[in-house]
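Asker: Pasting the sequence and the predicted coordinates here, then a few questions.
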Amino acid sequence: MKNTSDILIVGGGLNGPALALALAQTGHSVTVIDALPRADFEAETFDGRGYALALASQRLLDQIGVWSRVADHAQPMLEIKASDGHVGQGAAPFFVHFDQAELEEGPMGYMLEDRYLRRAILQALDNAPGITLINQARVVAQASDPTGVTLTLENGDSLRGHMLVGADGRRSGTATRANIKRTGWDYGQTALVCAIDHAKPHHGIAHQFFMPAGPLAILPLPGNRSSIVWSEKTELAAAIHALGDSDYLAALKPRFGDFLGDISLAGKRFTYPLNLTIANSFIADRMALVGDAAHGMHPIAGQGLNAGLRDIAALAEVLTKATRRGEDIGSELVLARYQQWRRFDTATLAASTDMVNRLFSNDNPLLRLGRDLGMGMVNALPGLRRGFMREAAGLTGDMPRLLKGEAI
């Protein structure tokens, strides 16, 4: 059977198409298969979702031709302040303060709304040679052999490639069909996500209030608007989400405080169950997993999409170098390089986000004292504080070329 493309990617959200753009730049042909209709990704209405993009992720988006399409809609994060908080009391004085002035490279990251990023990626796909996007197509079977992999779609069509990439989320059908098991647990928390208008300017400052039930993140958007990621115990989150808009705001205000003046909703409200789920292997026969298909984490550190883009940068570099050496890109030897590059970093990030969530999502006075002293020490030591800032900006570790702002 003739190959449809060099590489087949299942999942048309953000990670899959971004990988396709990176691979197309180095001469690979790519087919992206997504179950949803394209119109779902092209809506111009604001839906409340935003991403905290690390500086390294912004560099990748620039390299694959996306950033120029969204730069005017991005809000630089100039400072990050973290503090304890209680309902009705607002935030305590911050115990960690990161200021972008301490980084030579510029802002630690950017806030960008989902609606702009998705549309920009679709536009880039349309203009990229070597990429085929198939929407409203569901994969029902996959099979590998010594020369390639075959996908069968629900309508009976077959697609063929040298290798397969699963970018199809935490419940990845690609991983399931490859018999890859997962490790993880539920946090008993749900994230309430929305955007708000506020009377006072945010000055590009991102806030993280560590409430007893879970963190409340207030992330700056362009203008006097912010994105809210509000973690609550699942039962209470369901009750809050069921409220009307005015009652929802009445529940948010005692947690939020008044430091940004009067607040109001700016768009739809969403909920997301919070759990940890890590694939036991990032690779199988002629297959690799990226993004949430490989690892889904708590949003407490805002690293979900950033971790996925690190996968993309690493996999694109591994496959491109293998192609240039004349290797079979679907071979176990090649794919093992990708897994080796990403497994330790992913495990470390998952463990740290899990630990921080458990440490900070409680009201134990001894734990609160210990963690506040520890974070206060981080804030008081410039070298340690700068190290944390570079980590948040994605500027540490064995960085793939795209994350450095370099072509592969």
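Answerer: Yep, it's here. Numbers count the residues shown, from 1 in each chain.

Asker: same for the strand or helix carrying residue 226, what does it pack against?
Answerer: Per DSSP states H and E: residue 226 is located in strand 225-233. On a contact count with 3 or more Cβ pairs under 8 Å, 6 or more residues apart in numbering; DSSP states H and E, strand 225-233 meets strand 182-198, strand 214-221, helix 245-256. Every C-beta, even on glycine, is put in place using the N, C-alpha and C of the backbone.

Asker: Can you say which of the ones you listed is nearest to residue 351?
Answerer: Of all the helices and strands packed on strand 225-233, it is strand 182-198 that lies closest to residue 351, at 11.8 Å by Cβ to Cβ.

Asker: Can you give the strand pairings for the closest one, parallel or anti for each?
Answerer: strand 225-233 (antiparallel), strand 263-265 (antiparallel), strand 270-279 (antiparallel) (DSSP bridges).

Asker: will you turn these into TSV that also has mean pLDDT?
Answerer: Formatted as TSV, the strands paired with strand 182-198 follow (pLDDT from 0 to 100):
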stretch	mean pLDDT
strand 225-233	95
strand 263-265	96
strand 270-279	94
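
Asker: out of those, nearest to residue 38?
Answerer: Checking these against residue 38 by Cβ to Cβ gives strand 270-279 as the closest, at 21.1 Å.

Asker: now that closest one against strand 214-221, angle please.
Answerer: Here the directions of strand 270-279 and strand 214-221 differ by 110 degrees (axes from the mean of the first three to the mean of the last three Cα atoms, to 10 degrees).

Asker: Could I have the CA atoms of strand 270-279 written out in PDB?
Answerer: What follows is strand 270-279, C-alpha atoms only, in PDB (Å, rounded to 0.1, in the frame of the first residue of the first chain):
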ATOM      1  CA  PHE A 270     -15.900  26.000  31.900                       C
ATOM      2  CA  THR A 271     -15.000  23.200  34.200                       C
ATOM      3  CA  TYR A 272     -12.200  20.600  34.000                       C
ATOM      4  CA  PRO A 273     -11.600  17.600  36.300                       C
ATOM      5  CA  LEU A 274      -8.100  17.600  37.600                       C
ATOM      6  CA  ASN A 275      -6.000  14.400  37.600                       C
ATOM      7  CA  LEU A 276      -2.600  13.100  37.000                       C
ATOM      8  CA  THR A 277      -2.200  10.600  34.100                       C
ATOM      9  CA  ILE A 278       1.100   9.500  32.700                       C
ATOM     10  CA  ALA A 279       1.500   6.900  29.900                       C
END
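
Asker: Give me the below-cutoff pLDDT ranges for the stretch 1-150 of the chain.
Answerer: 1-2, 44-48, 86, 88-95 (pLDDT under 70).

Asker: Let me see the ranges of the strands in it.
Answerer: In the stretch 1-150 of the chain, the strands defined using DSSP state E, counting those that start in this stretch lie at 7-10, 30-33, 50-54, 75-77, 79-86, 90-91, 96-99, 109-113, 131-134, 139-145, 148-153.

Asker: partners of the longest one, with directions?
Answerer: Strand 79-86 has its sheet partners listed here by DSSP bridges as strand 90-91 (antiparallel), strand 96-99 (antiparallel), strand 205-211 (parallel).

Asker: which of the helices and strands packed on strand 225-233 sits most buried?
Answerer: Mean neighbour count (mean count of other Cβ atoms under 10 Å) peaks for strand 214-221 among these, with a mean of 24.

Asker: Hmm, residue 75 and residue 205 touching each other?
Answerer: No. Using Cβ atoms under 8 Å, residue 205 is not in contact with residue 75, being 10.6 Å away.

Asker: between those two, what contacts are shared?
Answerer: Listed as contacting both residue 205 and residue 75 by Cβ atoms under 8 Å, 6 or more residues apart in numbering are residue 220.

Asker: When the two are compared, which one has more neighbours?
Answerer: residue 75 (23 against 20; other Cβ atoms under 10 Å).

Asker: ok, and the closest non-adjacent residue to the more buried one?
Answerer: residue 111 (4.4 Å; Cβ to Cβ, 6 or more residues apart in numbering).

Asker: who's in contact with that neighbour?
Answerer: With contacts defined as Cβ under 8 Å, 6+ apart, residue 111 is in contact with 50-53, 74-75, 77, 206, 219-221, 227.

Asker: ok, what's across the strand from it?
Answerer: Judged by DSSP bridges, the bridge partners of residue 111 are residue 52, residue 75.

Asker: where's it relative to residue 222, distance?
Answerer: Distance, residue 111 to residue 222, by Cβ to Cβ, to the nearest Å: 8 Å.

Asker: hey, what's in contact with both of those two?
Answerer: When contacts are counted by Cβ under 8 Å, 6+ apart, residue 111 and residue 222 are jointly contacted by 74-75.
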